[in-house]
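Visitor: what shape does this take:
(chains A and B)
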Amino acid sequence: MDVNAEPTSQPQSIPAQPIRMLIAKPGLDGHDRGARVLARAMRDAGFEVIYTGLFQTPEMIATAAQQEDVDVVGLSILSGAHMALFPQIMTELKSRGLDDVLVVAGGTIPDEDVEQIRALGISAVFGPGTSLRTISEFIRANAPVRRDDL
Amino acid sequence: MGLVDRALAGDARALSRILTIVESRGEPGREVVDRLYPKTGSAQRLGITGPPGAGKSSLISRLIGSFRERGHRVAVIAVDPSSRFSGGATLGDRIRLLSHFDDPDVFVRSMASRGQRGGLSAATVEVAHVFDAADFDTILIETLGVGQDEIDVTRVVHTSIMIQVPGLGDAVQTLKAGFLEVGDLIAVNKSDLPGANILVRDLRAMLALNPMQIDVWHPEVVPVSAETGAGIPSLMDAIDKRTSYLEHGDRLSELRRNIARAEIELLVRAELERVLNTGDMARNAQLVDDVANRRISAGAAVAQILK
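Guide: This is a model prediction of the structure:
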């Protein structure tokens, strides 16, 4: 499976803080091949990927994002319920103080919905056929940089 | 209020940020641990190890339920391996731990092993300190338990539970060094599967060969099924037995000294590895050259690196 260009054969030194990403499947669609391919590809891109499986509620997704302190939340949805679920997910994330997390979406999402989805604060919608490398590069370029006051 | 104070006041988001800072093991992480360390020491740390697919996460989910029934606040540290090639990792333990997602007194954190020798155990124990300071009563640490670094994790817990499953080999496997030497308790999971009784019998027979000594802990073998919940009360009883064993005499202070010693050792090792990988790389490359060309010995190079 050519999940990502430039496979490396040498062990790499691991950065002290790799990008952490939650891949979540909200709602009731029972098909996660795409989410699993993405989990594998983002792992190969050097990210730490937390995959929580199927049938996640907005609360479950937001709690996982909070406890795992992810930089990125990737939402994979095929059921067509994105316009119902995405606003709830964004609300749950905000209520837990996660306004700075990069949220991206993928799956079968009609073009005409994309503008509204972006207005929710979801930074990108990756439709069928998007190369895995496009996704990892977008994330690397847009993941938040955190500075904390201890 | 800074992050640390907010985390101590129960802010889950701040706690989560602090775990990241501590996990990355830089100067800020040190500062956080230094500040929190005086507040630690009351949590009970349990290590859960076993081969992939043995049911560690599922068993942990059951244990969370049992400890929650007692009113404990429970933290889980679930470690999965990092790729040696990309540095990335897929952390999948959370899938089995979802039944407690809406309980604010259960906090699950996935960690990647990140490949630094000694680093995993060092980061794990420091993350455990953060949970301890944040008033979690029970901290469950899940690792694959393969390789020295992961076995080292068992040296910094109060009780280590090794999970075995039927179907992985015959009685000769129970003779081998490793698992049976570091587990305080051995849970035989999937006890409803064929062969489980034989495995339990073989493990008990092997443990019976340990020298008869008084005043040492004798590991127990407990058949369980994380799937059905069978045997979980017996496992909790065994954990309690271990706890009351430790409370006798000065066993606990003895164990605390052992844990402190192990922790210092792990951090020294991690620090050495860090010095080697982040120090003066040009100088290190020159030293490699010098050793290869017989100008100086490896020992002399090490002396220079550590000077």
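Visitor: you'd agree residue B:225 is up against residue B:191?
Guide: Yes. Counting by Cβ atoms under 8 Å, residue B:191 is a contact partner of residue B:225 at 5.0 Å. For the C-beta atoms, the positions are set from N, CA and C on the backbone; glycine is no exception.
Visitor: so who does residue A:74 touch?
Guide: Taking Cβ atoms under 8 Å, 6 or more residues apart in numbering or on different chains, we find residue A:74 in contact with A:21-24, A:35, A:38, A:42, A:104-106.
Visitor: give me the low-pLDDT residue ranges for the chain?
Guide: Reading this off chain A. Scanning chain A for pLDDT under 70 picks out A:1-16.
Visitor: my question was about chain B, not that one.
Guide: B:116-119, B:145-150, B:170-180.
Visitor: would you map the strands across it?
Guide: Using DSSP state E, the strands of chain B run over residues B:44-49, B:74-80, B:89-91, B:106-112, B:138-143, B:159-164, B:185-188, B:220-223.
Visitor: check chain A too.
Guide: A:20-24, A:48-51, A:72-77, A:102-107, A:124-126.
Visitor: please name whichever of those is nearest to residue B:300.
Guide: strand A:48-51 (38.8 Å; Cβ to Cβ).
Visitor: list the strands paired with that closest one, with their directions.
Guide: Paired with strand A:48-51 in the same sheet, following DSSP bridges, are strand A:20-24 (parallel), strand B:89-91 (parallel).
Visitor: can I get that strand in PDB, CA atoms only?
Guide: The C-alpha trace of strand A:48-51 is given here as PDB (Å, rounded to 0.1, in the frame of the first residue of the first chain):
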ATOM      1  CA  GLU A  48       0.900  10.200  16.900                       C
ATOM      2  CA  VAL A  49      -2.600   9.100  15.900                       C
ATOM      3  CA  ILE A  50      -5.400   8.300  18.400                       C
ATOM      4  CA  TYR A  51      -8.100   6.200  16.800                       C
END
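Visitor: quick one: contacts of that strand?
Guide: In contact with strand A:48-51 (Cβ under 8 Å, 6+ apart) are residues A:18-23, A:35-36, A:39, A:42-43, A:64, A:68, A:70, B:82, B:88-92, B:94-95, B:110, B:112.
Visitor: pull the contacting residues for the residue nearest to residue B:16 when sequence neighbours are not counted.
Guide: Once flanking residues are discounted, residue B:16 sits nearest to residue A:69: 4.1 Å by Cβ to Cβ, 6 or more residues apart in numbering or on different chains. Shown in contact with residue A:69 (Cβ under 8 Å, 6+ apart): A:20, B:16-17, B:19-20.
Visitor: who wins for most neighbours among the residues you listed?
Guide: Of all the contacts of residue A:69, residue B:19 has the most neighbours under the rule other Cβ atoms under 10 Å in any protein chain shown, reaching 27 neighbours.
Visitor: which residues touch that residue?
Guide: A:69, B:109, B:127, B:130.
Visitor: what do you get for residue B:98?
Guide: A:52-53, A:60.
Visitor: give me the number of residues near residue 91?
Guide: Looking at chain A here, since you left the chain open. Residue A:91: 13 neighbours (other Cβ under 10 Å).
Visitor: actually, chain B is the one I wanted.
Guide: Residues near residue B:91, counting by other Cβ under 10 Å: 26.
Visitor: skipping adjacent residues, who's closest to it in space?
Guide: residue B:110 is the one closest to residue B:91 (Cβ to Cβ, 6+ apart), at 3.7 Å.
Visitor: wait, that neighbour touches residue B:94, no?
Guide: Yes. Judged on Cβ under 8 Å, residue B:110 makes contact with residue B:94 at a distance of 5.9 Å.
Visitor: need the residues touching each of the two.
Guide: In contact with both residue B:110 and residue B:94: A:50, A:68, B:78, using Cβ under 8 Å, 6+ apart.
Visitor: picking that back up, could the contacts of residue A:74 be laid out in a markdown table, adding neighbour count?
Guide: Converted to a markdown table, the contacts of residue A:74 look like this (neighbours: other Cβ atoms under 10 Å in any protein chain shown):
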| residue | neighbour count |
| --- | --- |
| A:21 | 31 |
| A:22 | 28 |
| A:23 | 26 |
| A:24 | 27 |
| A:35 | 23 |
| A:38 | 24 |
| A:42 | 28 |
| A:104 | 20 |
| A:105 | 25 |
| A:106 | 21 |
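Visitor: I'd like the residues you listed as a markdown table, with distance to residue B:207 appended.
Guide: Below are the contacts of residue A:74 laid out as a markdown table (distance: Cβ to Cβ, whole Å):
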| residue | distance to residue B:207 |
| --- | --- |
| A:21 | 43 |
| A:22 | 42 |
| A:23 | 42 |
| A:24 | 43 |
| A:35 | 43 |
| A:38 | 45 |
| A:42 | 43 |
| A:104 | 51 |
| A:105 | 53 |
| A:106 | 51 |
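Visitor: beta partners of the residue found closest to residue A:139 once you drop the neighbours it is linked to in the chain?
Guide: In space, residue A:139 comes closest to residue A:72 once its chain neighbours are excluded; the distance is 5.4 Å by Cβ to Cβ, 6+ apart. Taking DSSP bridges as the rule, residue A:72 bridges to residue A:21, residue A:102.
Visitor: re earlier: of the strands paired with strand A:48-51, which is nearest residue A:112?
Guide: Using Cβ to Cβ, the nearest of those to residue A:112 is strand A:20-24, at 23.7 Å.
Visitor: what angle sits between the closest one and strand A:102-107?
Guide: Per axes from the mean of the first three to the mean of the last three Cα atoms, to 10 degrees, the angle that strand A:20-24 makes with strand A:102-107 is 40 degrees.
Visitor: buried residues, the longest helix seen in chain A. List them.
Guide: In chain A, assigned by DSSP state H, the helix with the most residues is helix A:82-95. For helix A:82-95, the neighbour count (16 or more other Cβ atoms under 10 Å in any protein chain shown) marks A:82, A:85-87, A:89-90, A:92-93 as buried.
Visitor: who are the packing partners of that helix?
Guide: For helix A:82-95, the packing partners by 3 or more Cβ pairs under 8 Å, 6 or more residues apart in numbering or on different chains; DSSP states H and E come out as helix A:58-67, strand A:72-77, strand A:102-107, helix A:111-119.
Visitor: hmm, the longest one in reach of chain B?
Guide: Yes. Taking Cβ under 8 Å from any Cβ of the partner chain as the criterion, helix A:58-67 and chain B are in contact, through A:59-60, A:63-64, A:66-67.
Visitor: enumerate every residue touching the residue nearest the centre of chain B.
Guide: Among the residues of chain B, residue B:153 comes closest to the average C-alpha position under Cα atoms, centre = their mean, at 3.9 Å. When contacts are counted by Cβ under 8 Å, 6+ apart, residue B:153 touches B:47, B:49, B:79, B:120-121, B:124-125, B:141, B:143, B:145.
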